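Colleague: build the 3D model from these lines:
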Amino acid sequence: MPGAAPISPPRGLGDDPAAAAAEQPPPRKPKRRSGNATAAATAKSAFVYMASVFIITSSLVIAAALAIFQVTMPLLSAGRVFNRFHAPLRYAAAPEFATDDAACRRAFEAERVACEKIVTVEALGVAYMACDDYDGRREWYVPSGWLNESHKGSGGVWVVDLATEAITKLSVPIPLSTHGLSVHYDAAADAGTVHLFVVNHHSRNASSVEVLRHAVGSAAVTHVKTVDGGGLFRSINDVTAVSATSFYVTNDRHHKPGTVMALLEFVAVRPWGYVVFWDGEKDEAKVVAKNLVFPNGIGASSDGAFVFVAEHQTGYLHVFERRRNGNLAFKEKLYLGHIMDNIEVDPATGDIFVAGALYIAQLFQMGFTKKSDIPVAAVVSRVTANTGEDRFYGRTFKAEVVLQGNGTVLSGISTASMSRKHGKLLVGAFAGNGIHICEGQW
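Modeller: All right, here's what the predicted structure looks like:
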């Protein structure tokens, strides 16, 4: 139209392309990964891959080894092959040796319990037993890797009248899954009342020592304290009290039970176990003995001067001198020549009774199958003060076998506690059904 102004294009469409390009943000340059970062990423991937392969391969190898071990165990046990290669034990007796446990009889059959530890208190005429329900023990027993939590807490403490053999289960106010046991009795301080120290495997990752107080003649028990050891109680086995508040415990392995490393540590006979002292006055724990091969039972002499530790697989009983601050000084080790479990000191004579087995392959077979009818040759040794001429050469103690059997009567035993007044030796088994009483004097 004549005289009309020209129509301007929409904003931006007629702009100068160079100006429009100048208004756009510059393109981002791709970041270059440094050589160090690339190498680190590659190494990390390789490490994850190798770790995965190692874990899977190790699991398959261990599973295959356990399967083979399970199948060949009867042959190994019969031929005593595994015993010769597993530990430097020199057995003098064959599996066919004549038994001398004929004087032992089954007791308390109505109580279907597996009793790991029995402690006699001769002055009070009673014996205390740390036991678990027979069926529950085979489902929940942390040291053996039996971890069915539905059976956790099936244990307790029983007390036996040594004269009448009346048995009573004490009313403990907390759930227990028992192992070691110790009793402290001080007639001058508190007549008729004892302190009980019970190893309690209350979870798969932690164990504790429960301190209880019991007035003899009553079924009630007072829970005094739970001691967790401040992280030093990794794999507690046994306990021995030296006062109403202080005690020693054995940690049989460095690695926690139920793990592959704990199994390998046991099978490879590694000296990674240790002893811990709990100072009840200071409420603190400290390691007082190290480099032990699966330290199992522990006991203290009546006067508190010595502490004895049984190495489960090597056949050696270690003797330590006890210091005022609770530290232990190694004195000597005594060769007993059999698998050792718990230790019990006769307060009347100072004699030490050590219960155990002759062949570790039989223990493995029972442990893997959880069958109590598998015969495990049993043995009880007594350690006494050495009165021979060699005592002048540092041999303070001597040992002798006082009771043994081929597994038909006593089998897989873990504890033997003597009452000289009543002429009875009470014998229990960690996975057996009930206990035995052996008549006589040893």
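
Colleague: C-alpha only now, for contacts and for neighbours.
Modeller: Noted.

Colleague: so, low pLDDT: which residues of the stretch 251-400 of the chain?
Modeller: Residue ranges of the stretch 251-400 of the chain with pLDDT under 70: 368, 372, 392.

Colleague: can you give me the helices in it?
Modeller: Along the stretch 251-400 of the chain, the stretches classed as helices by DSSP state H, counting those that start in this stretch are 260-267, 360-369.

Colleague: can you give the distance of the first one from its chain's centre?
Modeller: Its chain's C-alpha centre lies 13 Å from the corresponding centre of helix 260-267 when counted by C-alpha atoms, centre = their mean, to the nearest Å.

Colleague: how about the longest one?
Modeller: Put simply, helix 360-369 sits 16 Å off its chain's centre (C-alpha atoms, centre = their mean).

Colleague: and stretch 145-165, by the same measure?
Modeller: Distance of stretch 145-165 from its chain centroid, counting by C-alpha atoms, centre = their mean, is 16 Å.

Colleague: how about it: buried residues?
Modeller: If you call a residue buried by 16 or more other C-alpha atoms under 10 Å, then stretch 145-165 has these buried ones: 145-147, 151-160, 162.

Colleague: same check on stretch 164-180?
Modeller: By neighbour count with 16+ other C-alpha under 10 Å, stretch 164-180 contains the buried residues 167-170, 172, 176-180.

Colleague: and what of stretch 369-386?
Modeller: Taking 16+ other C-alpha under 10 Å as the basis for neighbour counts, the residues of stretch 369-386 that come out buried are 370, 372, 374-384.

Colleague: alpha carbons of it, in CSV - could you do that?
Modeller: Once non-C-alpha atoms are left out, stretch 369-386 reads as follows in CSV (Å, rounded to 0.1, in the frame of the first residue of the first chain):
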residue,chain,number,x,y,z
THR,A,369,26.0,-84.8,62.6
LYS,A,370,24.7,-83.6,65.9
LYS,A,371,24.1,-87.2,66.9
SER,A,372,24.7,-88.1,70.6
ASP,A,373,24.8,-91.9,69.8
ILE,A,374,28.1,-91.6,68.1
PRO,A,375,30.7,-93.0,70.6
VAL,A,376,33.4,-90.6,71.5
ALA,A,377,36.1,-92.2,73.6
ALA,A,378,36.2,-90.4,77.0
VAL,A,379,39.1,-89.7,79.4
VAL,A,380,39.5,-87.9,82.7
SER,A,381,43.0,-86.9,83.9
ARG,A,382,44.1,-85.8,87.4
VAL,A,383,46.8,-83.3,87.9
THR,A,384,48.5,-83.2,91.3
ALA,A,385,51.5,-81.6,92.9
ASN,A,386,54.7,-83.3,91.9
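
Colleague: Lys331: neighbour count?
Modeller: Residues near Lys331, counting by other C-alpha atoms under 10 Å, number 15.

Colleague: looking at it, it is touching Val309, isn't it?
Modeller: No: with contact defined as C-alpha atoms under 8 Å, Lys331 does not count as touching Val309 (11.7 Å).

Colleague: list residues touching both of those two?
Modeller: Common contacts of Lys331 and Val309 (C-alpha atoms under 8 Å, 6 or more residues apart in numbering): 318-319.

Colleague: quick revisit: in strands, which of the buried residues of stretch 145-165 fall?
Modeller: Among the buried residues of stretch 145-165, the members falling in strands (DSSP state E) are 146-147, 155-160.

Colleague: make sure Ala305 is actually in contact with Arg324.
Modeller: No: in this structure, Ala305 is not within contact of Arg324 by C-alpha under 8 Å, at 9.5 Å.

Colleague: between the two, tell me which one has more neighbours.
Modeller: Neighbours of Ala305 and Arg324, each counted by other C-alpha under 10 Å, are more numerous for Ala305; the result is 12 against 8.

Colleague: in JSON lines: the helices of the stretch 251-400 of the chain, plus distance to Ile56.
Modeller: Putting those into JSON lines (distance: least, C-alpha to C-alpha, whole Å) gives the following:
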{"stretch": "helix 260-267", "distance to Ile56": "13"}
{"stretch": "helix 360-369", "distance to Ile56": "22"}
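
Colleague: out of these, flag the one nearest Gly192.
Modeller: Between Gly192 and those, the shortest gap by C-alpha to C-alpha is with helix 360-369, which sits at 38.6 Å.

Colleague: buried sites along the closest one?
Modeller: Within helix 360-369, the residues that count as buried by 16+ other C-alpha under 10 Å are 360-367.

Colleague: quick revisit: what is the most widely separated pair among the buried residues of stretch 369-386?
Modeller: Going by C-alpha to C-alpha, the two entries of the buried residues of stretch 369-386 that are most distant from one another are Lys370 and Thr384, at 34.8 Å.

Colleague: and the buried residues of helix 360-369 as JSON lines, adding distance to Ile352?
Modeller: Formatted as JSON lines, these follow (distance: C-alpha to C-alpha, whole Å):
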{"residue": "Ile360", "distance to Ile352": "22"}
{"residue": "Ala361", "distance to Ile352": "26"}
{"residue": "Gln362", "distance to Ile352": "25"}
{"residue": "Leu363", "distance to Ile352": "23"}
{"residue": "Phe364", "distance to Ile352": "26"}
{"residue": "Gln365", "distance to Ile352": "28"}
{"residue": "Met366", "distance to Ile352": "27"}
{"residue": "Gly367", "distance to Ile352": "27"}
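
Colleague: now, among these, which is nearest to Val199?
Modeller: Gly367 (20.1 Å).

Colleague: what's the separation between the residue nearest to that closest one when sequence neighbours are not counted and Gly412?
Modeller: When the adjacent residues along the chain are set aside, Gly367 lies closest to Ser144, with 7.3 Å between them (C-alpha to C-alpha, 6 or more residues apart in numbering). Look at Ser144 and Gly412: by C-alpha to C-alpha, to the nearest Å, they are 14 Å apart.

Colleague: what about those two, which has more around it?
Modeller: Ranked by neighbour count (other C-alpha under 10 Å), Ser144 and Gly412 place Gly412 first, with 30 against 15.

Colleague: isn't the more buried one right up against Val427?
Modeller: No: counting by C-alpha under 8 Å, Gly412 stays clear of Val427, with 10.3 Å between them.

Colleague: got the contact list for stretch 150-168?
Modeller: 108, 125-133, 136-137, 139-140, 169-170, 172, 175-178, 202, 219, 419, 422.

Colleague: same thing with stretch 273-293?
Modeller: By C-alpha under 8 Å, 6+ apart, the surrounding residues in contact with stretch 273-293 are 229-230, 232-233, 245-254, 269-272, 294-295, 311-314, 326-328.

Colleague: can you do 7 Å?
Modeller: Stretch 273-293 is contacted from outside by 229-230, 245-254, 269-272, 294-295, 311, 326-328, using C-alpha atoms under 7 Å, 6 or more residues apart in numbering.
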